[in-house]
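>>> pasted the sequence and its predicted model underneath.
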Amino acid sequence: MDQSEDQILADELAALGAVGGGSGRLVRLVAMLMRKNVHEIDLVIPLPFNDAAERVSRVLNQIGRAVETTQVGPGRDEEAIRVVASGGTGGMNPVAVTALVSHAGENSSEVRLRAAAKEGLIKQQAGEKTAIRVAALLRKASR
């Protein structure tokens, strides 16, 4: 992945701050210093790698805006997909959601799901809540 979660989240918060009439540069600086709420979930999807990667990509694109998709290493059955979703109260807290899809067997794939959001004074656990929501959507879509 080219951009770090911190950079993506700081840019997203700066864009929100600029819309509200604030200084995007100042918001970006403060956002880089804020703590992150991060949650990871490991899943096994009963689909071959290509089908699983397509399913994960579809679900992630339904909940957020694609940031990047990369194949991890040439010739390897691993793909990283990242989107920015809305989380927190009123959906105003950007959440970086990353899924690493890898080949697990002939008819199964593993997904390491990671969601991260910046936390302000009011702890919303947007990263954790988003990871749980996305995992539920992936489980439902895999049935």
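Yep, that arrived.

>>> what's opposite residue 64 in the beta bridge?
Per DSSP bridges, residues listed as beta-bridge partners of residue 64: residue 85.

>>> ok, it - contacts?
Applying CB atoms under 8 Å, 6 or more residues apart in numbering, we find residue 64 in contact with 83-86, 95, 97. Glycine gets a C-beta too; all of them are placed from N, C-alpha and C.

>>> what is the lowest-mean-pLDDT helix or strand in the chain packed up against?
When each helix and strand of the chain is scored by mean pLDDT, DSSP states H and E, helix 24-33 comes last, with a mean of 75. Using 3 or more CB pairs under 8 Å, 6 or more residues apart in numbering; DSSP states H and E as the contact criterion, the neighbours of helix 24-33 among helices and strands are helix 5-19.

>>> how about the strands in the chain?
With DSSP state E applied, the chain shows strands at 35-45, 64-71, 78-87, 93-105, 108-119, listed in chain order.

>>> nearest to residue 56 among those strands would be which one?
Shortest separation from residue 56 across the strands of the chain is recorded for strand 93-105, at 5.0 Å, computed as CB to CB.

>>> mind listing what that closest one pairs with, with the direction of each?
Here strand 93-105 has these sheet partners by DSSP bridges: strand 78-87 (antiparallel), strand 108-119 (antiparallel).
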